[in-house]
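In: my questions concern the predicted model and sequence given below.
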Amino acid sequence: PETVPQPVTSRSGTTFWKMADDHGVRCRVIGAPVNWPAAEEFAESKMTTGLATPDAMGTFHTYTLFSEPHNELAGGLTEMSGRVESLEFDGDTAQARLLGPPARFDRKRWKQWEDHELSLMPREEIPFTVTRADGGGVTLRFADANTVESNEIHLDVGSWERHFRVAYNIGGLFDLHGTVSFKLLAGGSQVRLYATPVNFDPKEQLPQFAVSQPLDFAPWLAEQYGMFETIGWAEATSALQDGMIDDGTFLETCQLSFDEKRKQILGMLDHSDGWDLFVAYTYEIDRVCHMMWRHMDEHHPNHDPHAPGAWKTAIHDFYVKYDGLVGEMLAKLPDDAVLMVCSDHGFLPFYRAVNVNRWLQDNGYLVLKEKTGAPTMEHLFDNDSGYYSPYDWSKTRAYALGLSKIYINLKGREPEGIVDPADAEALKDEIIAKLSALKDEEAHGFAPVISVVKKREEIWQGDRLAEAGDLQIGYARGYRVSWQTSLGGADEPVMAD
């Protein structure tokens with residue numbers, strides 16, 4: 001390519017703050033979901049993007065673990081699409097790199113990738129060195145051309161460096177600015193260094209990848225209230241799910257995100273004369289409930305009675321934090337202001353994972369030519385990964401993908417569809433009847449697994465109905481879709497802890 005690609009948001013429809021702005025209501029929106037890149041045109045409103053804002057690699061959330069101890073995943077990707085890089089020390093110094101956007105302007109490497117001579121997509125890189133320091137710490141050093149402020153970081157074991165500002169030179173055409181945070185997990189002769197995804201730098205944006213509208217709103221927030229993460233999923237759920245960090249480090253990322261958002265919210269309330277409607281999206285309670293439920297629930301199969309007390313009370317503690325924030329907001333709001341606190345979903349325990357693809361395979365609806373292996377999110381979004389090659393589409397009538405969705409391999413819609421549209425409804429009814437009767441193993445009391453299976457037309461309506469799964473599964477308490485089902489995998493038992 002000779003020009004920079006222009007991404008577009010996957011959101012359709014008009015946001016309510018855009019409607020309000022069109023009617024003269026001055027809005028301020030912090031963390032607007034599914035709104036990247038920020039491109040809405042406002043008369044007097046301002047917003048930053050939130051959930052679904054990618055990292056600088058263009059991915060959902062790609063963290064990196066730099067590891068001196070051997071790790072079998074080194075050089076590849078984890079299930080949750082994290083990266084593991086080996087640290088090979090020559091004396092006291094090792095070479096490392098931060099990966100960035102696809103290196104499409106490196107024509108030689110990109111041609112090798114297209115010709116399947118490279119196993120991983122070539123990407124822009126920022127090289128740096130990791131040098132052992134006194135006391136078990138490390139020093140990271142970057143080239144001046146790849147940094148904005150300091151080019152050196154010192155980390156002690158357990159310490160963070162937040163929002164270190166870096167720059168990728170893209171094909172000699174422009175610089176893409178980002179921020180990355182590091183934590184030294186272990187030092188000495190067993191260095192383990194965690195790096196967050198590289199975020200878009202709120203102070204140095206490109207219009208094509210804007211995280212605020214207008215462009216000067218994000219820099220203003222950063223100057224007023226401190227640097228902040230711009231990625232839509234900032235908290236380290238992936239690294240914890242992969243077992244690369246512990247629960248304490250995960251909770252630190254949640255606390256850091258909460259602190260940044262709190263400063264912005266309370267700060268904007270101090271400027272209430274400049275807006276009529278203020279909206280803020282926050283995500284930490286969701287992340288903590290996802291990852292820490294097992295610590296408070298003695299019945300959870302992964303419950304550890306010896307876990308630190310702060311892990312067991314983490315969900316309660318974050319509700320207390322948010323309750324305190326609501327109190328601080330009320331104290332700042334004018335008497336005639338209306339405060340609305342909304343949640344888009346609740347939480348239940350997740351004891352047993354259900355691999356729907358394996359169930360479909362066992363019941364003759366899904367046919368494989370070979371094992372699916374353990375696909376990753378990277379594979380899912382790579383058109384050349386051979387992601388669907390294990391499926392025998394000439395015999396497959398239904399498959400599962402995403403969060404509890406089943407798709408019919410419909411003729412005329414799917415690339416290799418075999419189910420005649422006239423037969424689709426009967427097939428859906430058959431799957432619903434069989435799946436609704438699914439029960440767990442004897443060791444789990446033959447408990448019912450499914451609470452409801454509905455056709456998409458029973459739930460949703462609108463212009464994008466055709467994009468929804470044909471069937472949507474609702475699970476009984478304690479059950480949920482497995483991670484591998486969400487990624488299209490089938491190499492698991494139908495149910496597992």
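Out: Alright, I've got the coordinates.

In: state the phi and psi torsions of the nearest residue to Leu176 once chain neighbours are set aside.
Out: Nearest residue to Leu176, sequence neighbours excluded (C-beta to C-beta, 6 or more residues apart in numbering): Tyr168, at 4.6 Å. To be clear about C-beta, it is placed using only N, CA and C from the backbone, and glycine gets the same treatment. Torsion angles at Tyr168 (phi, psi; degrees, to the nearest 10) stand at phi -100, psi 130.

In: likewise Glu328?
Out: phi -60, psi -40.

In: give me every residue that touches the residue nearest to it when sequence neighbours are not counted.
Out: Of all residues not flanking Glu328 in the chain, Leu266 sits nearest, at 5.9 Å (C-beta to C-beta, 6+ apart). For Leu266, the contact set (C-beta atoms under 8 Å, 6 or more residues apart in numbering) comprises 325, 328-329, 332.

In: report the buried members of those.
Out: Among those, those scoring as buried are 325, 329 (criterion: 16 or more other C-beta atoms under 10 Å).

In: please identify which helix or strand holds the residue nearest to Glu328.
Out: Counting by DSSP states H and E, the element that carries Leu266 is helix 247-269.

In: what's the mean pLDDT across the longest strand seen in the chain?
Out: In the chain, with assignment by DSSP state E, the single longest strand is strand 174-186. Summarised as a single mean, pLDDT over strand 174-186 is 97.

In: what packs against it?
Out: strand 93-102, strand 152-155, strand 160-170, strand 192-195, strand 199-200, helix 247-269 (3 or more C-beta pairs under 8 Å, 6 or more residues apart in numbering; DSSP states H and E).

In: which element follows the fifth one toward the C-terminus?
Out: Stepping forward along the backbone from strand 199-200, the first helix or strand reached (DSSP H and E) is strand 212-213.

In: ok, that following strand: who's next to it in the sheet?
Out: On the basis of DSSP bridges, the sheet neighbours of strand 212-213 come out as strand 46-49 (antiparallel).

In: neighbouring strands of whichever helix or strand comes after the partner strand in the sheet, and parallel or not?
Out: Scanning forward in sequence from strand 46-49 by DSSP H and E, the next helix or strand is strand 64-67. Sheet pairing of strand 64-67 (DSSP bridges) gives strand 83-86 (parallel), strand 192-195 (antiparallel).

In: state the distance from Pro305 to Ser482.
Out: According to C-beta to C-beta, to the nearest Å, Pro305 and Ser482 sit 26 Å apart.

In: element containing Glu223?
Out: helix 217-225.

In: with Lys454 instead?
Out: Using DSSP H and E, Lys454 falls in strand 450-455.

In: show me what that strand is packed against.
Out: Other elements packing on strand 450-455 under the criterion 3+ C-beta pairs under 8 Å, 6+ apart are helix 421-436, strand 471-475.

In: which stretch among those is buried most, on average?
Out: Among those, strand 471-475 has the highest mean neighbour count (mean count of other C-beta atoms under 10 Å), at a mean of 20.

In: which outside residues touch it?
Out: By C-beta under 8 Å, 6+ apart, strand 471-475 touches 354, 356, 404-406, 428, 431-432, 435, 449-456, 459, 481.

In: below-threshold pLDDT in this structure: ranges please.
Out: For the chain, applying pLDDT under 70 flags the ranges 1-2, 377, 379-385.
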